[in-house]
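A.B. asks: got a sequence here, can you build the structure:
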Amino acid sequence: MMAKNHRTIIRFATVFSLAALPGVSAPVRVELRYETRDPYAVAVIFNAGQSHQVRWEVARDLLADGLVADSGEGDMRIGPCPDKPELLLITLRSPSGQATFETPAEKLAQFLNDTYDIVEPGDEHRWMSVDEALNRLLPNDL
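C.D. replies: Purely as a prediction, here's the structure:
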């Protein structure tokens, strides 16, 4: 089966609230990016200053699952806020620390719906190029 060969990128700018301390939050500009070249993943790009970005790759399915129930293990967890169901809690963990963000569930759902308009759930494999995936994984000098 041939992979679909046109490339589409969906970018969605939003703001997450970083829960810095109990009752204190700070806005963080975030870009959600979906590319048909990697149809299973969404990039979550945090703008941490004028020239510094932090990029996390997450499964599109994990974001969708997190809209309705607590989802994820390890580095990222996402789910509805217990006392404010219109908000999602996103917790990121790394060896250097942990951060928890809030974002409106409606905005994430809108972004996901935009991605589904391009690549329907369950159709991701039709967009995969085995050659391209291998080229990204293997060194060029093999």
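A.B. asks: what's the top helix by length along the chain packed up against?
C.D. replies: Taking DSSP state H as the criterion, the chain has its longest helix at helix 105-118. On a contact count with 3 or more CB pairs under 8 Å, 6 or more residues apart in numbering; DSSP states H and E, helix 105-118 meets strand 9-21, strand 24-35, helix 60-66, strand 84-94. (C-beta placed from N, C-alpha, C; glycine too.)
A.B. asks: distance to residue 109, mean neighbour count and mean pLDDT added to the ones you listed, as TSV?
C.D. replies: Listed next are those as TSV, based on distance: least, CB to CB, whole Å; neighbours: other CB atoms under 10 Å; pLDDT from 0 to 100:
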stretch	distance to residue 109	mean neighbour count	mean pLDDT
strand 9-21	11	14	90
strand 24-35	12	16	92
helix 60-66	9	19	94
strand 84-94	9	15	93
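A.B. asks: for the ones you listed, give me JSON lines that also has distance to residue 46.
C.D. replies: Formatted as JSON lines, the helices and strands packed on helix 105-118 follow (distance: least, CB to CB, whole Å):
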{"stretch": "strand 9-21", "distance to residue 46": "8"}
{"stretch": "strand 24-35", "distance to residue 46": "6"}
{"stretch": "helix 60-66", "distance to residue 46": "15"}
{"stretch": "strand 84-94", "distance to residue 46": "9"}
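A.B. asks: residue 41: which of the ones you listed is closest?
C.D. replies: Of all the helices and strands packed on helix 105-118, helix 60-66 sits nearest to residue 41, with 6.5 Å by CB to CB.
A.B. asks: from the chain's centroid, how far away is that closest one?
C.D. replies: 8 Å (CA atoms, centre = their mean, to the nearest Å).
A.B. asks: how about stretch 97-116?
C.D. replies: 8 Å.
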